[in-house]
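**Student:** need a structure here:
(chains A and B)
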Amino acid sequence: EVQLVESGGGLVQPGGSLRLSCAASGFTFSSYSMSWVRQAPGKGLEWVAYIKQDGSENYYVDSVKGRFTISRDNAKNSLYLQMNSLRAEDTAVYFCARYRQLDYWGQGTLVTVSS
Amino acid sequence: DVVMTQSPLSLPVTLGQPASISCRSSQSLVHSDGNSYLNWFQQRPGQSPRRLIYKVSNRDSGVPDRFSGSGSGTDFTLKISRVEAEDVGVYYCMQSTHWPNTFGQGTKLEIK
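**Tutor:** Numbers count the residues shown, from 1 in each chain, chains lettered A, B, ... in the order given. Have a look, this model is predicted:
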(Lines give C-alpha, C1' and ligand atoms only; values in the text may rest on other atoms or scores of the structure.)
Protein backbone atom coordinates (compact mmCIF):
# COMPACT_ATOMS: atom_id res chain seq x y z
CA GLU A 1 0.00 0.00 0.00
CA VAL A 2 1.35 3.41 -0.98
CA GLN A 3 1.88 5.63 2.05
CA LEU A 4 3.13 9.21 2.23
CA VAL A 5 3.62 10.76 5.65
CA GLU A 6 4.53 14.43 5.99
CA SER A 7 6.17 15.98 9.02
CA GLY A 8 7.99 19.13 10.06
CA GLY A 9 5.17 21.65 10.07
CA GLY A 10 4.64 24.15 12.86
CA LEU A 11 4.52 27.80 13.85
CA VAL A 12 7.27 30.03 12.48
CA GLN A 13 7.78 33.78 12.45
CA PRO A 14 7.78 35.77 9.20
CA GLY A 15 11.22 35.59 7.63
CA GLY A 16 11.93 32.28 9.29
CA SER A 17 12.69 28.84 7.87
CA LEU A 18 11.20 25.39 8.07
CA ARG A 19 12.03 22.04 6.50
CA LEU A 20 9.22 19.66 5.66
CA SER A 21 9.77 15.93 5.18
CA CYS A 22 7.70 13.27 3.47
CA ALA A 23 8.40 9.61 4.21
CA ALA A 24 7.34 7.29 1.40
CA SER A 25 6.61 3.57 1.55
CA GLY A 26 4.78 0.89 -0.38
CA PHE A 27 6.37 1.67 -3.75
CA THR A 28 9.78 2.07 -5.37
CA PHE A 29 10.39 5.68 -4.40
CA SER A 30 13.34 6.19 -6.74
CA SER A 31 11.15 5.37 -9.75
CA TYR A 32 8.68 8.19 -9.22
CA SER A 33 8.75 11.93 -9.49
CA MET A 34 7.25 13.75 -6.52
CA SER A 35 5.40 16.98 -5.83
CA TRP A 36 4.40 19.33 -3.04
CA VAL A 37 0.94 20.93 -3.02
CA ARG A 38 -0.45 23.37 -0.45
CA GLN A 39 -3.85 24.50 0.73
CA ALA A 40 -4.32 27.73 2.66
CA PRO A 41 -6.99 27.58 5.38
CA GLY A 42 -10.43 27.44 3.77
CA LYS A 43 -8.97 27.84 0.28
CA GLY A 44 -8.28 25.74 -2.78
CA LEU A 45 -5.29 23.69 -3.84
CA GLU A 46 -2.05 25.20 -5.14
CA TRP A 47 0.74 23.15 -6.68
CA VAL A 48 4.09 24.25 -5.22
CA ALA A 49 7.02 22.19 -6.46
CA TYR A 50 8.09 19.11 -8.40
CA ILE A 51 11.21 16.97 -8.53
CA LYS A 52 12.16 14.33 -11.03
CA GLN A 53 12.99 10.77 -9.99
CA ASP A 54 16.74 11.35 -9.82
CA GLY A 55 16.51 14.97 -8.65
CA SER A 56 17.90 16.28 -11.94
CA GLU A 57 14.94 18.56 -12.66
CA ASN A 58 12.89 20.80 -10.38
CA TYR A 59 9.99 23.13 -11.02
CA TYR A 60 8.37 25.69 -8.72
CA VAL A 61 5.35 27.96 -8.69
CA ASP A 62 6.51 31.55 -9.17
CA SER A 63 5.48 32.66 -5.68
CA VAL A 64 8.05 30.38 -4.00
CA LYS A 65 10.93 30.54 -6.50
CA GLY A 66 14.17 31.54 -4.78
CA ARG A 67 12.72 30.83 -1.33
CA PHE A 68 11.74 27.12 -1.40
CA THR A 69 13.91 24.17 -2.42
CA ILE A 70 12.60 20.71 -3.15
CA SER A 71 14.97 17.78 -2.71
CA ARG A 72 14.92 14.04 -2.17
CA ASP A 73 16.99 11.22 -0.72
CA ASN A 74 16.19 8.03 -2.61
CA ALA A 75 18.25 5.94 -0.18
CA LYS A 76 15.96 7.10 2.64
CA ASN A 77 12.74 7.09 0.59
CA SER A 78 12.23 10.69 1.60
CA LEU A 79 11.14 13.95 0.00
CA TYR A 80 11.90 17.38 1.45
CA LEU A 81 10.82 20.98 1.12
CA GLN A 82 13.17 23.59 2.54
CA MET A 83 11.22 26.81 3.04
CA ASN A 84 13.11 30.04 3.70
CA SER A 85 12.04 33.67 4.02
CA LEU A 86 8.57 32.53 4.99
CA ARG A 87 5.65 34.93 4.64
CA ALA A 88 2.17 35.00 6.14
CA GLU A 89 0.76 33.95 2.77
CA ASP A 90 2.73 30.69 2.98
CA THR A 91 0.45 29.58 5.82
CA ALA A 92 -1.16 26.37 4.60
CA VAL A 93 -1.40 22.62 4.90
CA TYR A 94 1.40 21.17 2.80
CA PHE A 95 0.82 17.83 1.08
CA CYS A 96 3.36 15.65 -0.62
CA ALA A 97 2.03 13.70 -3.57
CA ARG A 98 3.42 11.09 -5.91
CA TYR A 99 4.18 11.85 -9.53
CA ARG A 100 3.40 15.04 -11.46
CA GLN A 101 -0.17 13.81 -11.85
CA LEU A 102 -0.58 13.46 -8.04
CA ASP A 103 -1.95 9.93 -7.91
CA TYR A 104 -1.36 9.47 -4.15
CA TRP A 105 -1.35 12.11 -1.41
CA GLY A 106 -0.20 12.29 2.18
CA GLN A 107 -2.32 13.58 5.05
CA GLY A 108 -0.57 16.95 5.08
CA THR A 109 1.33 19.02 7.63
CA LEU A 110 0.26 22.50 8.77
CA VAL A 111 2.64 25.43 8.44
CA THR A 112 1.64 28.63 10.19
CA VAL A 113 3.64 31.80 9.56
CA SER A 114 2.80 34.38 12.17
CA SER A 115 4.42 36.65 14.71
CA ASP B 1 0.18 30.15 -16.53
CA VAL B 2 -2.81 28.13 -17.69
CA VAL B 3 -5.96 29.31 -15.94
CA MET B 4 -8.47 26.60 -15.05
CA THR B 5 -12.06 27.78 -14.62
CA GLN B 6 -14.63 25.52 -13.00
CA SER B 7 -18.39 25.90 -12.96
CA PRO B 8 -20.50 25.85 -11.00
CA LEU B 9 -18.63 26.67 -7.80
CA SER B 10 -21.52 25.36 -5.70
CA LEU B 11 -23.56 22.31 -6.69
CA PRO B 12 -26.55 21.24 -4.60
CA VAL B 13 -27.76 17.83 -5.77
CA THR B 14 -30.56 15.49 -4.71
CA LEU B 15 -29.44 11.98 -3.74
CA GLY B 16 -29.68 9.64 -6.70
CA GLN B 17 -29.65 12.45 -9.24
CA PRO B 18 -26.83 13.15 -11.71
CA ALA B 19 -24.27 15.92 -11.32
CA SER B 20 -21.94 17.60 -13.76
CA ILE B 21 -18.93 19.90 -13.27
CA SER B 22 -17.33 21.87 -16.07
CA CYS B 23 -13.64 22.76 -16.27
CA ARG B 24 -12.25 25.04 -18.94
CA SER B 25 -8.60 25.83 -19.58
CA SER B 26 -7.18 29.06 -20.99
CA GLN B 27 -5.18 27.09 -23.54
CA SER B 28 -5.26 23.65 -25.08
CA LEU B 29 -4.18 20.82 -22.79
CA VAL B 30 -2.97 18.61 -25.62
CA HIS B 31 0.64 17.71 -24.86
CA SER B 32 3.28 17.20 -27.53
CA ASP B 33 3.01 13.46 -26.76
CA GLY B 34 -0.64 13.53 -27.81
CA ASN B 35 -2.11 13.10 -24.34
CA SER B 36 -4.19 15.65 -22.47
CA TYR B 37 -3.16 15.77 -18.83
CA LEU B 38 -6.41 16.79 -17.21
CA ASN B 39 -7.06 15.29 -13.79
CA TRP B 40 -9.99 15.40 -11.37
CA PHE B 41 -9.69 15.25 -7.58
CA GLN B 42 -12.19 14.81 -4.79
CA GLN B 43 -11.61 16.28 -1.33
CA ARG B 44 -14.07 15.08 1.27
CA PRO B 45 -14.48 17.22 4.41
CA GLY B 46 -11.44 16.93 6.65
CA GLN B 47 -9.57 14.64 4.26
CA SER B 48 -6.68 14.87 1.83
CA PRO B 49 -7.50 15.12 -1.85
CA ARG B 50 -7.91 11.90 -3.79
CA ARG B 51 -7.43 11.57 -7.52
CA LEU B 52 -10.49 10.25 -9.36
CA ILE B 53 -9.69 10.69 -13.03
CA TYR B 54 -6.45 11.11 -15.00
CA LYS B 55 -5.79 11.96 -18.64
CA VAL B 56 -9.35 13.25 -19.09
CA SER B 57 -11.29 10.01 -18.82
CA ASN B 58 -9.33 7.28 -17.00
CA ARG B 59 -10.73 6.28 -13.62
CA ASP B 60 -8.28 5.55 -10.83
CA SER B 61 -8.36 2.19 -9.11
CA GLY B 62 -11.22 1.91 -6.62
CA VAL B 63 -13.17 4.86 -8.03
CA PRO B 64 -16.84 3.94 -8.53
CA ASP B 65 -17.97 3.74 -12.13
CA ARG B 66 -20.63 6.39 -11.49
CA PHE B 67 -17.76 8.88 -11.94
CA SER B 68 -16.76 9.65 -15.51
CA GLY B 69 -14.62 12.25 -17.24
CA SER B 70 -14.81 13.56 -20.76
CA GLY B 71 -13.71 16.43 -22.95
CA SER B 72 -10.91 17.60 -25.17
CA GLY B 73 -8.82 20.63 -26.00
CA THR B 74 -9.92 23.27 -23.49
CA ASP B 75 -13.30 21.95 -22.37
CA PHE B 76 -13.70 19.12 -19.85
CA THR B 77 -16.47 17.63 -17.71
CA LEU B 78 -16.73 15.42 -14.64
CA LYS B 79 -20.05 13.59 -14.35
CA ILE B 80 -21.52 11.64 -11.47
CA SER B 81 -24.34 9.47 -12.76
CA ARG B 82 -26.17 9.09 -9.43
CA VAL B 83 -24.97 11.13 -6.46
CA GLU B 84 -24.51 9.31 -3.16
CA ALA B 85 -24.04 10.78 0.31
CA GLU B 86 -20.31 9.89 0.29
CA ASP B 87 -19.78 12.14 -2.76
CA VAL B 88 -20.12 15.31 -0.66
CA GLY B 89 -16.97 17.42 -0.84
CA VAL B 90 -15.02 19.72 -3.12
CA TYR B 91 -13.98 18.67 -6.62
CA TYR B 92 -10.96 20.14 -8.39
CA CYS B 93 -9.71 19.86 -11.92
CA MET B 94 -5.97 20.22 -12.51
CA GLN B 95 -3.92 20.42 -15.67
CA SER B 96 -0.42 18.94 -15.76
CA THR B 97 0.31 19.46 -19.45
CA HIS B 98 1.99 22.83 -19.01
CA TRP B 99 4.28 24.13 -16.25
CA PRO B 100 3.27 25.02 -13.63
CA ASN B 101 0.48 22.58 -12.80
CA THR B 102 -2.65 24.60 -12.12
CA PHE B 103 -5.91 23.81 -10.34
CA GLY B 104 -9.42 25.05 -10.82
CA GLN B 105 -11.07 26.97 -7.96
CA GLY B 106 -12.99 23.93 -6.76
CA THR B 107 -16.69 22.98 -6.90
CA LYS B 108 -18.46 22.26 -3.63
CA LEU B 109 -20.97 19.45 -3.99
CA GLU B 110 -23.64 19.23 -1.30
CA ILE B 111 -26.80 17.23 -0.86
CA LYS B 112 -30.02 19.18 -1.30
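**Student:** Dead centre of the chain: give me the residue that sits there.
**Tutor:** In the absence of a named chain, chain A is used. A:Trp36 (3.5 Å; CA atoms, centre = their mean).
**Student:** hmm, I had chain B in mind actually
**Tutor:** Chain B, centroid-nearest residue using CA atoms, centre = their mean: B:Trp40 at 3.4 Å.
**Student:** ok, the residue of chain A found nearest chain B - how many residues close by?
**Tutor:** For chain A and chain B, the shortest gap (CB to the nearest CB) falls at A:Trp47, measuring 3.9 Å. Quick note: C-beta positions are derived from backbone N, CA and C, even for glycine. By the criterion of other CB atoms under 10 Å in any protein chain shown, A:Trp47 has 23 neighbours.
**Student:** Tell me which helix or strand it sits in.
**Tutor:** Using DSSP states H and E, A:Trp47 falls within strand A:45-51.
**Student:** Looking at the residue nearest to the centre of chain A now. What's its pLDDT?
**Tutor:** On the pLDDT scale, A:Trp36 is placed at 98.
**Student:** quick one: contacts for it?
**Tutor:** Taking CB atoms under 8 Å, 6 or more residues apart in numbering or on different chains as the contact definition, A:Trp36 lies against A:20, A:22, A:47-50, A:70, A:79, A:81, A:94-97.
**Student:** that older thread, so for the residue of chain A closest to chain B, what's the nearest residue that isn't a sequence neighbour?
**Tutor:** Leaving aside its chain neighbours, A:Trp47 sits nearest to B:Asn101 (3.9 Å; criterion: CB to CB, 6 or more residues apart in numbering or on different chains).
**Student:** before we move on, the earlier item: residues in contact with the residue of chain A closest to chain B?
**Tutor:** A:35-37, A:61, B:94, B:100-103.
**Student:** re earlier: most neighbours of all the contacts of A:Trp36, which one?
**Tutor:** A:Cys96 (30 neighbours).
**Student:** tell me which element that residue is part of?
**Tutor:** Per DSSP H and E, A:Cys96 falls inside strand A:92-98.
**Student:** Report how many residues lie close to residue 90.
**Tutor:** I'll assume chain A. 22.
**Student:** The intended chain is chain B.
**Tutor:** B:Val90, neighbours per other CB under 10 Å, totals 20.
**Student:** That one contacts B:Thr107, doesn't it?
**Tutor:** Yes - the pair B:Val90 / B:Thr107 is scored as a contact, 6.7 Å apart, by CB atoms under 8 Å.
**Student:** Quick check: B:Lys55 vs B:Phe103, distance?
**Tutor:** 16 Å (CB to CB, to the nearest Å).
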